[in-house]
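Quick one, fold the following:
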Amino acid sequence: MEFGLFVQGYVPRSRQEADPEAEHHALIEETEYVIQADRSGFKYAWASEHHFLEEYSHLSANDVFLGYLAHATERIHLGSGIFNPLPQVNHPVKVAEKVAMLDHLSGGRFEFGSGRGAGSHEILGFLPGVTDMNHTKEIWEETIAEFPKMWLQDEYQGFTGTHWSLPPRKVLPKPYGASHPAMWYAAGSPPSYAMAGKKGLGVLGFSIQKVSDMEWVLDSYKNAVKEAEPVGGFVNDNVMVTSTAICAETHAKAVEIAVGGGLNYLQSLLFRYHDTFPRPEGIPEWPELLPEYTEEIIELLIAEELMICGDPDEVFRQCKRWEQAGADQLSFGLPIGISSEDTMNTIKLIGEHVIPKIDTDPVHRTTRFRQASRD
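So this is what the prediction gives:
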């Protein structure tokens, strides 16, 4: 199992009230987290694309963010988590151009994650008048298979669809090296995993559930990907799952950091904006918040395998559970309300004590798939 980092430009109101330059500091700190993750042996870093989601995510221009990191890092793969390819948000040709350009700037280290957006507040800003969010699935389905054609055809033969059209044109630049960057889909519901598998896409599993509840979902993907008819130049047999992670020198210190991390506020914001996610029982309607997490709640979340938290040995065992469940990559959503120092320490400790014991392959999984596609 490989390891990654997920950043999103989280700027809670409490931080803004304490620091007039909070937005700037948050974005710059997150570049520093990725740079440290590169040094610490993490293989992937994912940057979100969100619009209009105050506090929850101020990382809207993630192509610019990732372009900076392409120069500032050496080995880590940089992924769009996501680029939104709906033509009303980003024209598909411009998305194809950005992916290829980032592939060049990173030396073949780019990963193309796509998806349909976070929820009604975000998407309906671009699709006014739409009332059924399932409409975006139809638009994404029409678009996703066109990207490999834009990259691999010398002159893209053009497209005439329901939602966008383009005459024949040379789409430039072409990707760097073999084939094209690995393609991923951001999945929030179990049926989406199987759909992605059938298309030969990797899955970015951004929904946070306990390990035992995800095992059958991972199995459904693995069964589907065996029969894949890939939309791209190769099958990206890959499931990434996400989890909050806090690692400290002792269990008590890690729990103390988690208690002060404002996790309840981040979770409340998640369900405020991701209104297409199933709402678990007990999640209040915004602006009502989940209660602040106590030490007892943190211990329960650890026991229920809903977060990774503890000393390095404990974190190692918790990560092994995801590997045993069938995850190909575990990415940590670190920009919660904990200090920059504690976040950096988590990255360093996991890099020193956890990753070398689990990820022993020096080559990225997606690199192997991409290189094999030229054979």
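
quick one, what contacts V203?
The contact partners of V203, taken as Cβ atoms under 8 Å, 6 or more residues apart in numbering, are 184-187, 192-193, 196-197, 221, 238-240. To be clear about C-beta, it is placed using only N, CA and C from the backbone, and glycine gets the same treatment.

same thing but at 10 Å, please
Contacts of V203 were listed using Cβ atoms under 10 Å, 6 or more residues apart in numbering, and they are 113, 184-187, 192-197, 217-218, 221, 225, 236, 238-241, 327-329.

how close does it get to G188?
Here the distance between V203 and G188 works out to 10 Å (Cβ to Cβ, to the nearest Å).

follow-up on the earlier one: of the contacts of V203, grab the buried ones for ChimeraX.
Buried members of the contacts of V203, defined by 16 or more other Cβ atoms under 10 Å, are picked up in ChimeraX with:
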select :113,184,185,186,187,192,193,194,195,196,197,217,218,221,225,236,238,239,240,241,327,328,329
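
So which of the contacts of V203 belong to helices?
Counted as lying in helices by DSSP state H, out of these, are 192-197, 217-218, 221, 225.

For those, which two are the farthest from each other?
Within the ones in helices among the contacts of V203, two members stand farthest from each other by Cβ to Cβ: M195 and L218, at 14.4 Å.

quick one: the strands in the stretch 51-200 of the chain?
77-80, 110-114, 159-160, 165-166, 183-187 (DSSP state E, counting those that start in this stretch).

Now tell me what touches the third one from outside.
Applying Cβ under 10 Å, 6+ apart, the contact partners of strand 159-160 are 92-93, 142-143, 145-146, 149-150, 165-168.

partner strands of that strand, parallel or antiparallel?
In the sheet containing strand 159-160, its partner strands are strand 165-166 (antiparallel), by DSSP bridges.

Now do the partner strand: everything it contacts.
Residues outside strand 165-166 that contact it (Cβ under 10 Å, 6+ apart): 87, 91-93, 146, 150, 156-160.

Swap in 7 Å and give it another go.
The set of residues that contact strand 165-166 without belonging to it, under Cβ atoms under 7 Å, 6 or more residues apart in numbering, is 93, 158-159.

And those, which of them are buried?
Applying 16+ other Cβ under 10 Å to the contacts of strand 165-166, the neighbour count classes 93, 159 as buried.

Could you single out the nearest of the ones in helices among the contacts of V203 to I347?
Checking the ones in helices among the contacts of V203 against I347 with Cβ to Cβ, the nearest one is L218 at 25.4 Å.

thinking again about what came up before, which ones among the contacts of strand 159-160 map onto helices?
Reading helices off the contacts of strand 159-160 with DSSP H, I get 92-93, 142-143, 146, 149-150.

you'd agree K210 is up against L306?
Yes: K210 is in contact with L306 according to Cβ atoms under 7 Å; the separation is 5.2 Å.

if I look at K170, how far off is S48?
Distance, K170 to S48, by Cβ to Cβ: 31 Å.

typo on my end, A186
Between A186 and S48 the distance, using Cβ to Cβ, works out to 9 Å.

Could you dump the contacts of strand 165-166 into JSON lines and include pLDDT and distance to E341?
Converted to JSON lines, the contacts of strand 165-166 look like this (pLDDT from 0 to 100; distance: Cβ to Cβ, whole Å):
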{"residue": "V93", "pLDDT": "98", "distance to E341": "43"}
{"residue": "G158", "pLDDT": "98", "distance to E341": "53"}
{"residue": "F159", "pLDDT": "98", "distance to E341": "50"}
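
Out of the contacts of strand 165-166, which comes closest to E288?
V93 (43.2 Å).

So what touches the longest helix along the chain?
When the chain is parsed with DSSP H, its longest helix is helix 22-39. By Cβ under 7 Å, 6+ apart, the surrounding residues in contact with helix 22-39 are 5, 7, 9-11, 15-16, 19, 45, 58, 68-69, 72-76, 334-335, 340, 343-344, 347-348.

Out of those residues, which end up buried?
Buried residues within the contacts of helix 22-39, defined by neighbour count using 16+ other Cβ under 10 Å: 5, 7, 9-11, 15, 45, 58, 69, 73, 76, 334-335, 343-344, 347.

Need the worst-confidence member of those residues.
When the buried ones among the contacts of helix 22-39 are sorted by pLDDT, the bottom entry is P335 at 70.

Next, the closest residue to that residue other than its chain neighbours: secondary structure please.
Leaving out its chain neighbours, the residue that sits closest to P335 by Cβ to Cβ, 6 or more residues apart in numbering is Y10, at 4.4 Å. Per DSSP: H, G, I helix; E, B strand; the rest coil, the secondary structure class of Y10 is coil.

Dump the contacts of strand 165-166 to CSV, plus distance to D63.
Listed next are the contacts of strand 165-166 as CSV, based on distance: Cβ to Cβ, whole Å:
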residue, distance to D63
V93, 14
G158, 24
F159, 22
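
Other residues contacting stretch 270-283?
53, 56, 118-122, 133, 188, 207, 286.

now stretch 94-113
Applying Cβ under 7 Å, 6+ apart, the external contacts of stretch 94-113 come out as 44, 46, 63, 66-67, 70-71, 77-83, 85, 147, 150-151, 171, 173-177, 181-184, 186, 204, 366.

Of these, grab the buried ones for ChimeraX.
To isolate the buried subset of the contacts of stretch 94-113 in ChimeraX, counting by 16+ other Cβ under 10 Å, use the following:
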select :44,46,63,66,67,70,77,78,79,80,81,82,83,85,147,150,151,171,174,175,176,181,182,183,184,186,204,366
